[in-house]
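Colleague: dropping a prediction and its sequence here:
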Amino acid sequence: TASLLLHSGELVVFGGVRNRKWLNSLAVLDTTRWKWSIPKVTGDAPRPRSYHSATSISCGSSGTKVVIFGGNDDAENFNSVHVLSVTEGSKWRWFHPKVTGIPPRPRTGHCATLLEDGKTILIYGGWDPCIDDDSNHTEET
C-alpha cells in the first residue's frame with residue numbers, strides 16, 4: 001500500500017505480499033528525481049501485511065505521519081494502528097500509539113481517507129477473508 005507525502009513528493013510503499021510471503025518492508029520513491037530508496041527507520045515495524053490502508057497526515061513544520069490501519073496476513077486480519085513518523089531532515093521512525101475507544105472490526109481491502117480537519121481518518125468498507133463468506137452477509141427480508 002502506498003501513500004504520498006505532500007511536503008516532499010515522496011511515495012511511501014509499505015507491506016504487500018509476494019509469492020505467498022507477507023512483507024513489512026518499506027520503500028520510498030522520490031517523485032522529483034524518480035529514484036527509489038530504502039530509508040533507515042528506527043522503531044519496530046508492524047507485522048507483515050497486505051490490503052491495509054496507509055493515510056498521510058501533514059504535521060506542519062514537524063513533518064508527516066503515515067497511519068497504517070488493518071490489513072491481513074495468511075492467518076489473521078488486523079485492526080491495529082501503526083504510525084510512521086517522517087520529520088524534517090528525513091528521520092523515519094515507527095511507533096504504535098495506544099488507541100482508545102471502540103475500534104472497527106479487523107478488516108482488509110477497505111478505504112481510508114483523511115477528513116477536512118486534517119486529523120480524522122474515515123475507514124470505510126473492507127471484509128474479513130478469514131471468516132466464511134456466508135457469515136459476512138446478511139439476508140434481506
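Modeller: Now that the structure is in, tell me what you want to look at.

Colleague: for Ile102, grab the count of nearby residues.
Modeller: 5 (other Cβ atoms under 10 Å). In this view, the C-beta of every residue, glycine as well, is placed from N, C-alpha and C.

Colleague: same question, Ser25
Modeller: Other residues close to Ser25 by other Cβ under 10 Å number 12.

Colleague: now the one 5 residues further on
Modeller: The burial metric for Asp30, expressed as a neighbour count using other Cβ under 10 Å, is 13.

Colleague: low pLDDT regions in the chain?
Modeller: 132-141 (pLDDT under 70).

Colleague: ok, which stretches of it are helices?
Modeller: In the chain, no helices are defined using DSSP state H.

Colleague: how about the contacts made by the closest residue to Leu23 other than its chain neighbours?
Modeller: Nearest non-adjacent residue to Leu23, counting by Cβ to Cβ, 6 or more residues apart in numbering: Gly16, 4.9 Å away. Residues near Gly16 by Cβ atoms under 8 Å, 6 or more residues apart in numbering: 1, 22-23, 25, 50.

Colleague: centroid residue for the chain?
Modeller: Ile68 (2.4 Å; Cα atoms, centre = their mean).

Colleague: now the nearest residue to Thr120 once chain neighbours are set aside: how far from His82?
Modeller: Spatially, and ignoring its direct neighbours in sequence, Thr120 is nearest to Leu114 (7.3 Å; Cβ to Cβ, 6+ apart). The gap separating Leu114 from His82 is 16 Å, by Cβ to Cβ, to the nearest Å.
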